[in-house]
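Colleague: Whatever this is, show me its structure:
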Amino acid sequence: MLLPPENAHFVTGPVPPLLLLGAAPVHTGLPALADGPDGAMPVCVGWTLVPSLVMCVVDGPGGAGCVIPTLTAPGDPEEAAHIDAWCAAVEEAGGAVVVSLDAMPEQVDWAEVFGGDTARGGFVPLAALA
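Modeller: All right, here's what the predicted structure looks like:
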């Protein structure tokens, strides 16, 4: 299922990188967001991530998954550099933290995102492509 690009934020800086989704078709399929052992983000078992400059695929068990257009303004060098840096960070980290909310907030309050009770997700490993 296609997720509109305005319902996704590709965040670099944290280690690992973060993908924030709003109103995503994968929301209910992801586990409730919780801290794992030693405060580490738990792995979303059965989920994989395929990042690229043109699209990002979040693939889950069964039929769960979504495709997100990443480069929404072709020819915008700043956007291309940001998405390219995000994809490189995902490759280096071996995946990304995917956090899904019921809806994308107008302003992201990270304390609310990680402290709220509607966030779902965790660490989604990079897909092993043949």
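
Colleague: By mean pLDDT, flag the weakest helix or strand of this structure.
Modeller: helix 110-115 (a mean of 84; mean pLDDT, DSSP states H and E).

Colleague: quick one: contacts of that helix?
Modeller: 20, 33, 99, 101, 105, 119 (Cβ atoms under 8 Å, 6 or more residues apart in numbering). Any C-beta I mention is one placed from the backbone N, CA and C, and that applies to glycine too.

Colleague: Please export the C-alpha coordinates of the host helix or strand of residue 21 as CSV.
Modeller: According to DSSP states H and E, residue 21 maps onto strand 18-22. Provided in CSV are the C-alpha atoms of strand 18-22 (Å, rounded to 0.1, in the frame of the first residue of the first chain):
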residue,chain,number,x,y,z
LEU,A,18,14.4,7.0,12.6
LEU,A,19,11.4,6.7,10.3
LEU,A,20,8.3,8.4,11.7
LEU,A,21,5.0,7.3,10.1
GLY,A,22,1.6,8.7,10.5
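
Colleague: Okay, buried residues for it please.
Modeller: 18, 19, 20, 21, 22 (16 or more other Cβ atoms under 10 Å).

Colleague: What pairs with that strand, parallel or antiparallel?
Modeller: strand 8-11 (antiparallel), strand 95-101 (parallel) (DSSP bridges).
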